[in-house]
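A.B. asks: Provide a 3D model corresponding to the input given below.
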Amino acid sequence: MNNYITGKIVKELREKKHLTQAELGERIGVSDKTVSKWETGKGLPDISLLEPLSNALNISVIELVNGEYITNKNKSCNMLKSSFSVCPICGNIIHSMGESIISCCGITLPVLEADSENDAHIINIETVENEYFVSIKHDMSKEHYISFIAYVTNDRCEIQKLYPEQNAEARFLKRGRGIIYAYCNKDGLLKKNLN
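C.D. replies: As a prediction, the model looks like this:
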């Protein structure tokens, strides 16, 4: 990122909203010449204008600063296309149903890539009456543990948060076909398909 904001995205989004430079300037309290300077790279918006500018362009401040905006192409929001991010600072778990830019504790979080279960992380799924009992034989120390287990179907996402010194297990009401995810704080996101 060379600049903290690019004129290209300002111009592109302004034109997409069918605004003139004067109309955008009026919405955020600057002149059309100021907007022109931003768009041609001859100047940058003051930091105090980032929030009003992002509101006027209908994008987040993070997208504006990154110079990339997200268009969610997943209009049907199929939950099976879910993605997860975990903040390495506070441990926050963020679930998304489409393309997104996620920030927590001042950093942009990557989307976790899910691997299939492996020899060190075997996801066991048992049916107990109308529930799935999910368990993982895994160390649950403060240094190495399963942080959450999630059950995702085409219309729901249930997340069971786990903590060190608990058992790595969760119960979910059976809702049919889906995916079980488990997140290890050292080895990342794992998944197992439920048929």
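
A.B. asks: could you use CA atoms for every contact and neighbour count after this?
C.D. replies: Fine.

A.B. asks: what does the pLDDT read for the residue nearest the centre of the chain?
C.D. replies: Centrality entry for the chain: nearest residue to the mean C-alpha point is I102, 4.4 Å, by C-alpha atoms, centre = their mean. With respect to pLDDT, I102 has a value of 87.

A.B. asks: cool, T71 as well?
C.D. replies: You'll see T71 listed with a pLDDT of 60.

A.B. asks: next: P52.
C.D. replies: Reported pLDDT at P52 in the predicted model: 89.

A.B. asks: for the helix or strand bottoming out on mean pLDDT in the chain, name the packing helices and strands.
C.D. replies: Scoring the helices and strands of the chain by mean pLDDT, DSSP states H and E places helix 61-66 at the bottom, with a mean of 77. Counting by 3 or more C-alpha pairs under 8 Å, 6 or more residues apart in numbering; DSSP states H and E, the packing neighbours recorded for helix 61-66 are helix 50-57.

A.B. asks: report the buried residues of the helix it packs on.
C.D. replies: Taking 16 or more other C-alpha atoms under 10 Å as the basis for neighbour counts, the residues of helix 50-57 that come out buried are L50, E51, L53, S54, A56, L57.

A.B. asks: circling back: buried ones in the least confident helix or strand of the chain?
C.D. replies: Within helix 61-66, the residues that count as buried by 16+ other C-alpha under 10 Å are V61, I62, E63, L64, V65, N66.

A.B. asks: helices along this structure, start to end?
C.D. replies: Counting by DSSP state H, one finds helices in the chain at the ranges 7-16, 21-28, 32-39, 50-57, 61-66.

A.B. asks: got the CA positions of the shortest one in CSV?
C.D. replies: Read it as helix 61-66. Once side chains and other backbone atoms are set aside, the C-alpha atoms of helix 61-66 remain, and they are given as CSV (Å, rounded to 0.1, in the frame of the first residue of the first chain):
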residue,chain,number,x,y,z
VAL,A,61,-13.1,3.0,6.3
ILE,A,62,-11.0,-0.2,6.0
GLU,A,63,-11.9,-0.7,2.4
LEU,A,64,-11.3,2.9,1.6
VAL,A,65,-7.8,2.8,3.2
ASN,A,66,-6.9,-0.5,1.6
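
A.B. asks: what residues does stretch 142-160 touch?
C.D. replies: With contacts defined as C-alpha atoms under 8 Å, 6 or more residues apart in numbering, stretch 142-160 is touched by 78-80, 82, 138-140, 161-165, 168-170, 172, 175-186.
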